[in-house]
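> I would like the atomic coordinates for the input below:
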Amino acid sequence: LSTCILEKRAYGRIPSRFLADIFWSLELASRTKMTEATARPAVLWVEHVMPQSWEENWPLNGKSGDEVSSNDPGYWEREAAIQTLGNLTIVTDSLNSSMGKLPFKQKAAKLIEHSNLTLNKRIAEQAVWAEDQISTRGRELALLASKVWPSLDK
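From the prediction side, this is the model:
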């Protein structure tokens, strides 16, 4: 299960409506007894924390925009990480459209201001968002998933 969450492409392979269901189940599992109950919004969109078109606002090795090349160290690792569950979350449609390709600090501020979801608050608490944070979050989601769906971990 953890290999699927950490390494496999989720976005584009799993239909978005199912990804939203998966994330909602993980959201419920991430809450504590002290968390206020929040009903599931009627429509949830799958959002890439690090956007699919990341080059302009998400530097790689100090390069951004047109300076970034597919020959740069880490380029293909980043491209793979972007589509994994560790880089995805769920938000309302209006929050999704407002976040777009913004730099992480601006996305985090929007999550803090507008999201009531525990999963999103944990993302927003990060100082930066890059491959290490995506991997760490993927491991956290794998642990949650093994609690929600224990039969999948066999």
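
> Report how many residues lie close to residue 106.
Close neighbours of residue 106, defined as other Cβ atoms under 10 Å, add up to 14. Where C-beta positions appear, they are placed from N, C-alpha and C, glycine not excepted.

> And it, how far from residue 20?
23 Å (Cβ to Cβ, to the nearest Å).

> Can you name the residues bridging to the residue sitting nearest the centre point of the chain?
Nearest to the mean C-alpha position of the chain, counting by Cα atoms, centre = their mean, stands residue 88 at 2.5 Å. When assigned by DSSP bridges, residue 88 has beta-bridge partners residue 48.

> wait, it sits on residue 11?
Yes: Residue 88 is in contact with residue 11 according to Cβ atoms under 8 Å; the separation is 6.0 Å.

> Show me the common contact partners of the two, please.
19, 46, 48 (Cβ atoms under 8 Å, 6 or more residues apart in numbering).

> Spatially nearest residue to residue 102 (excluding sequence neighbours)?
Among residues not flanking residue 102 along the chain, residue 57 sits closest, at 6.5 Å (Cβ to Cβ, 6 or more residues apart in numbering).

> Any stretches of the chain with poor pLDDT?
1-7, 153-154 (pLDDT under 70).

> could you show me where the helices are in it, in order?
Taking DSSP state H, the helices of the chain run over residues 2-7, 16-30, 75-82, 93-99, 104-114, 118-124, 131-148.

> hmm, back to that, and the residue nearest to the centre of the chain, how far from residue 22?
9 Å.

> Repeat that for residue 90.
To residue 22, residue 90 is 9 Å away according to Cβ to Cβ.

> Show me which of the two is the more surrounded one.
Shown here are residue 90 and residue 22; by other Cβ under 10 Å, residue 90 has more neighbours (26 against 21).

> you'd agree that one is up against residue 24?
Yes: with contacts counted by Cβ under 8 Å, residue 90 reaches residue 24, the gap being 6.7 Å.

> Now for these two: what residues contact both?
Residues touching both residue 90 and residue 24 (Cβ under 8 Å, 6+ apart) are residue 44.

> okay, now residue 72: neighbour count?
For residue 72, using other Cβ under 10 Å, the count is 14.

> ok, it - contacts?
For residue 72, the residues meeting the contact criterion (Cβ under 8 Å, 6+ apart) are 60-61, 63.

> Quickly name whichever of the residues you listed is closest to residue 81.
Taking Cβ to Cβ as the measure, residue 60 is the one of the contacts of residue 72 closest to residue 81, at 11.4 Å.
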